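S.K.: Predicted structure and sequence below. I'll ask about it afterward.
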Protein chains: 2
Amino acid sequence: MAFGFELLLKKDPHSQARAGVIHTPHGPIPTPVFAPVGTQATVKTVSPKELRELGASLILANTYHLYLRPGPDTIADLGGLHGFMGWDGPIMTDSGGFQVFSLARLRAVDVTGVTFRSHLDGSEHLLTPEKAIEIQEKLGADIILCLDECPEPLDYDYNVQALERTHHWAERCKQAHTRHDQALFGIVQGGAFADLRRQSAEFITALDFAGYSIGGLSVGEPKEVMHEMLEATVPLLPEDKPRHLLGVGSPEDIFEGVDRGIDIFDCALPTRIGRNGAVFTRPGRLNLRNARYADDPAPIEEGCDCYTCRYFSRAYLRHLIMAKEILGLRLATLHNLHFMLNLLREIREAILAGTFAVLKKEFLTHYEIIPHEARQRSREARSRRQEARSREQEE
Amino acid sequence: MAFGFELLLKKDPHSQARAGVIHTPHGPIPTPVFAPVGTQATVKTVSPKELRELGASLILANTYHLYLRPGPDTIADLGGLHGFMGWDGPIMTDSGGFQVFSLARLRAVDVTGVTFRSHLDGSEHLLTPEKAIEIQEKLGADIILCLDECPEPLDYDYNVQALERTHHWAERCKQAHTRHDQALFGIVQGGAFADLRRQSAEFITALDFAGYSIGGLSVGEPKEVMHEMLEATVPLLPEDKPRHLLGVGSPEDIFEGVDRGIDIFDCALPTRIGRNGAVFTRPGRLNLRNARYADDPAPIEEGCDCYTCRYFSRAYLRHLIMAKEILGLRLATLHNLHFMLNLLREIREAILAGTFAVLKKEFLTHYEIIPHEARQRSREARSRRQEARSREQEE
């Protein structure tokens, strides 16, 4: 079956929330949907069988990483991403742009494309819009993205220039796109500026893509700015196409995004924090490293029916994590993915039942949100770690 | 059901090989059996559900590690090892002795017991026979072992002294043992010396244990020495009790052990080499890091019905391992455990069919054995790494 989006089911009367189905050659994606991130053609620690059991209906893989290792030709020869990684459900790839700008050593950005050095071995590469599409066509995901630039959100003048490139690249990506079993999404940028966001939404939608991603949010700005940018952008997107919020997010971000009309979310958060021993519960995150759990016979969350909560205590999970045992990372990740995928199922059911506002209020009343400053600190620590790793590998 | 051993099934007419069943309060163990090692109350990278699916019927956990972290009282409070780790099948624990002598900083060994410093934090501990039993009774495994000393195999005079301690400790362990839902095994030692082995077998069997372990083999000596020691020992063990060869082994060691009358094997080899990218096949080990597998669409082994071989190519596995992805370690481990557990099932069926000699010959004709020198080198490298890690953690 070719790509298609049915907004058949329901629009929430009190918000922009909507429930639909995206059809892809690898099966349907009920929306709103959360896509676990499988950076290197694996959702970290989890097998495709487990993803299926968790009810994942879409995963996102990173073009930048797969381009560098093992390379798009290798993956194409082994049956594309689906065959390579043994996942026969829908897959989305990003364009590689985000990682080039955040992870690689940048050399030059101009209208042609972006020249960078690999974080793995320092080798130099040029990523153009045409190349981004060529790579993604070799990877063979069901949904692919245009090359875009994701700049610091607060520098207006730079955002104006970057946006011009992003728009120009979108035209060239559309032009370069040949595999029509793959749906190409355009990306709206514009930093923290509502006028640029509106301008971008108008430009990109005029190019008529199969769907639209919103990039450059949740990159360090306060949550209110993200909400404001969504409110400036989403109403300008066509109602009959899926809308994707790139790299978002946390449970609270999901509620706010759905409320503002987003259909697709992808984020490494549940897998990343899981490997650090942090797990989601309805009252908020808890960190299993905490000594208070050393003798705690309770599961992570009473009533949760994930594999982890059915069979293992907080005390055992803490032991595994303190002992650096891989099973600990796996079980925390499984719980977090279950939490997110289940939350999205609940959200979708609530939209269908007309009770999304009630669910949102009920959830956010009980869920303790990580404060902005703490998020900033962990974002900065992560970026320092990445830089150190990348320096180490180049040396 | 209490502990019991039925050698009901078959003794091979051409060798000492035998097929039986060990009954335990957590279910039957068909023998000969291979027990995956779950050092820290987890078979590294694998979930209890997967162990069950692999057909594991016995696992071995390490008392030394669990005594130091999270501690026997914590585990007892959480339902013993079975409840703690969510594995409801049979479990065996060692006495802690082997790791004290190989991993901890030794302070003093005398007739009382052994004083050592933890490799985790340098704290000082005294392990006596009574303490080894007390800890293992708290851990609550189905089969527990006497405290023994595992010395360098080639120093005769030292082995004489160590054996005296091991025998004295065995008497005290037997005395200290109170939980009769747990089967206590005696351990035969004696280094590389047939006379000491015989002396030890006689002494230990006179104490009448529920089963017998043979320790101090596969610690660096040539394979012929191991075979000779088994031949000196096993005929002196009672036929109606299970026999366990501690810390062994490789596929070829399993065949030789079964041939000489061994029922139980435990070894970290399949999980340890799996995490390093090495996998078992009928023609021998292969290392997935090898560049020749970068584009190889074949599974690890054609015809293997493990999850890894059913869904994933060598190329994908190599990619995961080169990219340091946990799924790579998991999938290699799963294959290796499947290989070993399946091999033991085949061996058992062959004994029952009277064709063990044929299977052994057929297997060893095709299987390329790692040469003694290469084994020695990797053993030494591992011990240097362990020492470095332990120094690091103390600093």
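M.R.: Yes, it's here.
S.K.: Write out the residues of the stretch 201-350 of chain A neighbouring chain B.
M.R.: Within reach of chain B by CB under 8 Å from any CB of the partner chain, the stretch 201-350 of chain A has these residues: A:294-295, A:297, A:307, A:311-313, A:315-316, A:318-320, A:322-323, A:325-331. From N, CA and C alone the C-beta is placed, and that goes for glycine too.
S.K.: change it to 6 Å
M.R.: Neighbours of chain B within the stretch 201-350 of chain A, by CB under 6 Å from any CB of the partner chain: A:295, A:297, A:311, A:312, A:313, A:315, A:316, A:319, A:323, A:325, A:326, A:327.
S.K.: Quick check: longest helix in chain A by residues?
M.R.: Using DSSP state H to define each element, chain A has its longest helix at helix A:326-353.
S.K.: for the record, mean pLDDT for it?
M.R.: The pLDDT scores in helix A:326-353 average 97.
S.K.: any idea which helix or strand comes after it?
M.R.: The helix or strand immediately downstream of helix A:326-353 is helix A:356-366, counting by DSSP states H and E.
S.K.: now that next one and helix A:326-353, what's the angle there?
M.R.: Helix A:356-366 runs at 140 degrees relative to helix A:326-353, counting by axes from the mean of the first three to the mean of the last three CA atoms, to 10 degrees.
S.K.: can you give me the strands for the stretch 251-395 of chain A?
M.R.: For the stretch 251-395 of chain A, strands defined by DSSP state E, counting those that start in this stretch occupy the ranges A:264-267, A:278-281, A:284-287.
S.K.: Who are the packing partners of the first one?
M.R.: Judged by 3 or more CB pairs under 6 Å, 6 or more residues apart in numbering or on different chains; DSSP states H and E, the packing partners of strand A:264-267 are strand A:33-36.
S.K.: Given the strand it packs on, what are its sheet partners and their directions?
M.R.: Sheet pairing of strand A:33-36 (DSSP bridges) gives strand A:264-267 (parallel).
S.K.: average pLDDT across the strand it pairs with?
M.R.: Regarding strand A:264-267, the rounded mean pLDDT is 98.
S.K.: now stretch A:182-192
M.R.: The average pLDDT within stretch A:182-192 is 97.
S.K.: Next, the distance between the ends of it.
M.R.: With CA to CA, to the nearest Å as the measure, stretch A:182-192 spans 31 Å from end to end.
S.K.: circling back: so which of the strands of the stretch 251-395 of chain A is the most surrounded?
M.R.: strand A:264-267 (a mean of 24; mean count of other CB atoms under 10 Å in any protein chain shown).
S.K.: So which residues make contact with it?
M.R.: Strand A:264-267 is contacted by residues A:33, A:34, A:35, A:37, A:60, A:242, A:244, A:245, A:247, A:248, A:249, A:254 when judged by CB atoms under 6 Å, 6 or more residues apart in numbering or on different chains.
S.K.: how about the residues you listed, which pair is most distant?
M.R.: Distance extremes for the contacts of strand A:264-267: the farthest pair is A:37 and A:242 at 17.9 Å, using CB to CB.
S.K.: who has more neighbours, these two?
M.R.: Here residue A:37 and residue A:242 are compared on neighbour count by other CB atoms under 10 Å in any protein chain shown; more neighbours surround residue A:242, at 27 against 20.
S.K.: thought residue A:147 was touching residue A:129?
M.R.: Yes: between residue A:147 and residue A:129 there is a contact at 4.6 Å, judged by CB atoms under 6 Å.
S.K.: anything in contact with each of the two?
M.R.: By CB under 6 Å, 6+ apart, residue A:147 and residue A:129 have these common neighbours: A:169, A:173.
S.K.: where does the stretch 251-395 of chain A dip in pLDDT?
M.R.: The model of the stretch 251-395 of chain A has pLDDT under 70 over residues A:390-395.
S.K.: Could you measure from the nearest residue to residue A:99 once chain neighbours are set aside over to residue A:39?
M.R.: Computed as CB to CB, 6 or more residues apart in numbering or on different chains, the closest residue to residue A:99 that is not its neighbour in sequence is residue A:64, at 3.5 Å. Separation of residue A:64 from residue A:39 (CB to CB, to the nearest Å): 9 Å.
S.K.: and if you look at residue A:389?
M.R.: 14 Å.
S.K.: Would you mind telling me which of those two has more residues around it?
M.R.: Using other CB under 10 Å, the more surrounded residue of residue A:389 and residue A:39 is residue A:39, with 19 against 13.
S.K.: Does the more buried one fall in a helix, a strand, or a coil region?
M.R.: Under DSSP: H, G, I helix; E, B strand; the rest coil, the three-state class of residue A:39 is coil.
S.K.: residue contacts, it?
M.R.: Residue A:39 sits next to A:62, A:65 when contact means CB under 6 Å, 6+ apart.
S.K.: Tell me how many other residues crowd residue A:174.
M.R.: Neighbour count of residue A:174, defined by other CB under 10 Å: 17.
S.K.: so what pLDDT did residue A:57 get?
M.R.: 97.
S.K.: can I assume it is in contact with residue A:31?
M.R.: No: Residue A:57 lies out of contact with residue A:31 (CB under 6 Å); the separation is 9.1 Å.
S.K.: So which of these two has more stuff around it?
M.R.: Using other CB under 10 Å, the more surrounded residue of residue A:57 and residue A:31 is residue A:31, with 28 against 24.
S.K.: Please tell me how far the more buried one sits from chain B.
M.R.: Here residue A:31 is placed at a distance of 27 Å from chain B (CB to the nearest CB, to the nearest Å).
S.K.: what residue is smack in the middle of chain A?
M.R.: Closest to where the C-alpha atoms of chain A average out (CA atoms, centre = their mean) is residue A:266, at 2.1 Å.
S.K.: Dihedrals phi and psi, the residue sitting furthest away from the middle of chain A?
M.R.: The C-alpha centroid of chain A is most remote from residue A:295, which lies 35.3 Å away (CA atoms, centre = their mean). The phi/psi pair for residue A:295 (degrees, to the nearest 10) reads phi -120, psi 20.
S.K.: Enumerate every residue touching it.
M.R.: For residue A:295, the contacting residues are A:315, B:74, taking CB under 6 Å, 6+ apart as the criterion.
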